[in-house]
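>>> with the input below, show me the fold.
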Amino acid sequence: MRSMSAPATISHVLSKNKSKAIGRSPLRFLQSPTTAKVLKGVAVSEMAADKLPGMPDRTSPPVLLGRILAGGLAGAAAYKAQNDSIVKGALIGSAVAVAATYGALYLRKALGSSTGLPDPVWAVVEDSLVLKSALAVVHDARRSTTNQLL
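Predicted coordinates:
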């Protein structure tokens, strides 16, 4: 739903829970606390920029390509961290990015049309869902790490 939320979330999780598999891969930069902070800043900036007039449509080719790449990066890292295929993770992450892009767009339009509420209201709702989802992933990762230590 937001292009940078998945990379920011996976980087945050990996910076707190290092993966040996990621550490030996080109994706190891995602485990850096600095990378996690930068990506979180970019994700928050994206949420703010979305409310500005004149922002390009999320389905315009350059924006959609960025979403596909960001989803692919997050998917590749998530899969690699579990000792699975980077390619499989990238393909799944990219597909999810496309589905979320179009699904969230059409849902926002439908909700705006059926309720009469302006799009920025639904943009804030969308941001809330993204943040809640990211927090759930972080919480789940923290719980999984704790259970592995027990």
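>>> quick check on V130: phi, psi?
Phi and psi for V130, reported as degrees, to the nearest 10, are phi -60, psi -50.
>>> does M55 touch A49 like I think?
Yes: counting by C-beta atoms under 8 Å, M55 does reach A49; the two are 6.1 Å apart. C-beta: built from backbone N, CA, C; applies to glycine.
>>> who's more crowded, the two?
The neighbour count for M55 versus A49, taken as other C-beta atoms under 10 Å, is higher for M55 (12 against 9).
>>> at which residues are the strands of the protein located?
Per DSSP state E, the chain carries no strands over any range.
>>> that one: helices as residue ranges?
5-16, 20-23, 33-49, 61-81, 86-115, 119-149 (DSSP state H).
>>> just name the most buried of those helices.
helix 5-16 (a mean of 24; mean count of other C-beta atoms under 10 Å).
>>> by how many degrees do that helix and helix 33-49 diverge?
Here helix 5-16 runs at an angle of 160 degrees relative to helix 33-49 (axes from the mean of the first three to the mean of the last three C-alpha atoms, to 10 degrees).
>>> how far does helix 5-16 sit from its chain's centre?
Remark: helix 5-16 is offset 8 Å from the chain centroid, using C-alpha atoms, centre = their mean, to the nearest Å.
>>> that older thread, mind putting the helices of the chain into CSV with mean pLDDT?
Output for the helices of the chain, formatted as CSV (pLDDT from 0 to 100):
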stretch, mean pLDDT
helix 5-16, 96
helix 20-23, 93
helix 33-49, 95
helix 61-81, 96
helix 86-115, 96
helix 119-149, 82
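>>> what about the residue nearest to V63 when sequence neighbours are not counted, distance to A6?
The shortest distance from V63 to any non-neighbouring residue, by C-beta to C-beta, 6 or more residues apart in numbering, is to P56 (5.3 Å). Per C-beta to C-beta, to the nearest Å, P56 is found 20 Å from A6.
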